[in-house]
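# only geometry, no sequence info:
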């Protein structure tokens, strides 16, 4: 069902009668009415300033109270974000065997920015595999010569979207400027490749923790590519001169192994360099690590084929390099290549006896959920491994809890995360394969318990206050008439998590004039700076203010288009733009949490369509509860009390928008989409303003990569057997049902209904 999208006068900030129905007193009649600008200042500019102040205080509060814990044990100082020159891990693994092995913190050291300035090499007779690498292999294509390499395109402070004003963000920007300067100074010196890697690593890291449409992703790709070109040249010279290009196998504490090392994959090939700082890696270790990080950056940029190519380059040096195998498997999942992904994941599971790459368990479970024939033995092969491994990981966790040094917290989190992944995989096995609800629930509950054990307590009062502030600021008089851009280019999809938004985006993306841009919202990432610019402009006069708002809105659209052009030019998919009859005119921004930002969306884009996907409440809520989201804004969906509060906040906010901006949001029921797509699709496209195209009904046949937890589902097309799926677990969900109360039903006022209604 689709709600009428017409706007009332209140939504446009009009001010009618005084509401009394009678005449004003004589004194009031003689008083000159306030100017439009005075009304604007009091009803818009001052509330805007209040929003900015409160938001910035909130960012600072988050930064002080809940600073990213994973920054506390790698090569960057968590408080100052300044580089530290230590090359040793600060986390020690509890002794589980006679051999000391790499730790969870060591893998963080390898993946996070480092600050070495010299390369040390040792002699060995190892040579590179036969796959050749050319400089062009790292070149990223752009569709226009005008596109800059630095094109811009949950919530936990680790994944900030609107943080331009908080100290964490500002310190990161300072560090980036410093690293750029160091890189510039290192050009044409022996350390240029190291300066390039350090800069690119930090740019990648920055875009990992601050989601703003990939501001620095293209710059990181360009700098990584330069470093790889230098490293390849150096490697070829070393090979020509007969020099050794990799290190002799060693343990990560630089002592030679003794005894049986048959299955010790961290002491063979380039894996034994995995945990070394850059200054201690060999030339091939540097190449492998850099290609892997480039692949991860391509992945973040939605260039999944490029990601695979980059990981392949790394694996041409060492086909067992664990980090590249794990990362390539993730890219294969997004590309729908489940067998290839499962092969990579299973190989990592076999080699990674310490489970430093716990995400491969989740990845393999996703592959088996899509097709249980992707590995020999199907689910049973994974289950047999997990049933034997879970008790060992529990024992390791208990030993970690007995540690008294500074490494305890990080080590405990490492094992809790592994057990979370394992129990969630076992839940999927029983939920999908055995249909044993009791066993499935046991594993789901245990997995969520491990997850929540590593998080700070949920701040319910803060969530309530956040919604209250929003409702107090965004009142009917907030939006002046004539505000914003006239463009209809953006289409915003909002809703509660696991509401069916990916399905809607994929349906729209199948239309030749519409592009789905994924979940890294350009608008959302720019919102903090947009808000600050608007406040400054509001003090300069109404004319400048209106021009500023329009320009800010238009700039967002330009960046959305540029970001898509770069991604599309680097996509080898059959359905890339080369197959499109004409350039797209609509771009979908699917950031579910933007339901909190409808007021700002309406301010900048009063004519843009806002599609709210609403799913049967308990289906959406239970789906959120059972899914293991990446660390960020959805951390607290894994326990009943916080999940219920988040859902109530969402419903409160959506009811508020319907009250102050009646008809502005177009509501779409997920159930209507899956039950009658042929009836709903034409009406949605008509509301968007594009002609009918039957391709939207065959959206699942497109090869387009979908980077979301719904990847495997949307490739199956539309199906309805999962509706009311929560009912299977109703006896276990009774406490959650009580917390949701009367909102277990979601009655939306609609004006258009499916054709079958």
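Sure thing, it's come through. A quick note: this is a predicted structure, and the numbers were derived from the prediction, not measured.

# For the protein, give me the ranges with low pLDDT.
Within the chain, the ranges that satisfy pLDDT under 70 run 1-166, 213, 249-264, 519-520, 571-582, 632, 702-722, 750-757.

# Show me where it has its strands.
Read by DSSP state E, the chain holds these strands, from start to end of the chain: 490-494, 514-516, 586-590, 609-614, 665-669.

# quick one, which of those is nearest to residue 319?
Comparing the strands of the chain by their distance to residue 319 (CB to CB), the top pick is strand 514-516, with 34.6 Å. Every residue, glycine included, has its C-beta placed from N, CA and C.

# List the buried residues for the closest one?
514, 515, 516 (16 or more other CB atoms under 10 Å).

# same deal with stretch 628-644?
Residues of stretch 628-644 classed as buried by neighbour count (16+ other CB under 10 Å): 628-629, 631-640, 642-644.

# now stretch 391-411
Within stretch 391-411, the residues that count as buried by 16+ other CB under 10 Å are 393, 396, 397, 400, 403, 407, 408, 410, 411.

# what's the closest of the residues you listed to residue 603?
Proximity of those to residue 603 (CB to CB) peaks at residue 410, which lies at 42.6 Å.

# Distance check, that closest one against residue 385.
When CB to CB, to the nearest Å is applied, the distance between residue 410 and residue 385 equals 25 Å.

# re earlier: what's the farthest-apart pair in the buried residues of stretch 391-411?
Distances among the buried residues of stretch 391-411 were taken as CB to CB; the most separated pair is 393 and 407, at 17.3 Å.

# Show me the helices in the stretch 151-300 of the chain, by range?
Counting by DSSP state H, counting those that start in this stretch, residue ranges of the helices within the stretch 151-300 of the chain are 167-186, 192-209, 217-240, 283-300.

# Next, the angle helix 217-240 makes with the last one.
What it means is helix 283-300. Comparing the axes of helix 283-300 and helix 217-240 via axes from the mean of the first three to the mean of the last three CA atoms, to 10 degrees yields an angle of 160 degrees.

# Which elements pack onto helix 283-300?
In terms of contacts (3 or more CB pairs under 8 Å, 6 or more residues apart in numbering; DSSP states H and E), helix 283-300 is packed against helix 192-209, helix 217-240, helix 304-315, helix 322-334.

# go on, the first one?
Helices and strands touching helix 167-186, as assessed by 3+ CB pairs under 8 Å, 6+ apart, comprise helix 46-65, helix 192-209.

# what does the second one give?
Applying 3+ CB pairs under 8 Å, 6+ apart, one finds that helix 192-209 contacts helix 167-186, helix 217-240, helix 283-300.

# Without its sequence neighbours, what residue ends up closest to residue 444?
residue 427 (4.2 Å; CB to CB, 6 or more residues apart in numbering).

# can I assume that neighbour is in contact with residue 443?
Yes - contact status for residue 427 versus residue 443: in contact at 4.2 Å, counting by CB atoms under 8 Å.

# ok, residue 697 - how many residues close by?
Burial of residue 697, expressed as a neighbour count using other CB atoms under 10 Å, amounts to 16.

# That one against residue 680, yeah?
No - counting by CB under 8 Å, residue 680 is not a contact partner of residue 697; they are 10.5 Å apart.

# Between those two, which contacts overlap?
Contact with both residue 697 and residue 680 is made by no residue, according to CB atoms under 8 Å, 6 or more residues apart in numbering.

# and residue 347, what does it touch?
Contacts of residue 347 (CB under 8 Å, 6+ apart): 320, 325.

# how near is it to residue 534?
Applying CB to CB, the value for residue 347 to residue 534 is 52 Å.

# tell me the contacts of the closest residue to residue 363 other than its chain neighbours?
The shortest distance from residue 363 to any non-neighbouring residue, by CB to CB, 6+ apart, is to residue 345 (4.9 Å). For residue 345, the set of contacting residues under the criterion of CB under 8 Å, 6+ apart consists of 325, 326, 329, 360, 361, 363, 364, 367.

# how many neighbours does the first one have?
Spelled out, that is residue 325. Using other CB under 10 Å as the criterion, residue 325 is surrounded by 24 other residues.

# likewise the fourth one?
Neighbourhood size, residue 360 [other CB under 10 Å]: 26.

# Redo the strands of the chain as JSON lines? Include distance to residue 692.
Formatted as JSON lines, the entries for these read as follows, by distance: least, CB to CB, whole Å:
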{"stretch": "strand 490-494", "distance to residue 692": "17"}
{"stretch": "strand 514-516", "distance to residue 692": "12"}
{"stretch": "strand 586-590", "distance to residue 692": "14"}
{"stretch": "strand 609-614", "distance to residue 692": "16"}
{"stretch": "strand 665-669", "distance to residue 692": "17"}
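
# Could you point out which of those sits nearest residue 310?
Using CB to CB as the criterion, the shortest distance between residue 310 and these is 23.7 Å, found for strand 514-516.

# Figure out how far that closest one is from the centre of its chain.
Shown here is strand 514-516, whose average C-alpha point lies 19 Å from the average C-alpha point of the whole chain (CA atoms, centre = their mean, to the nearest Å).
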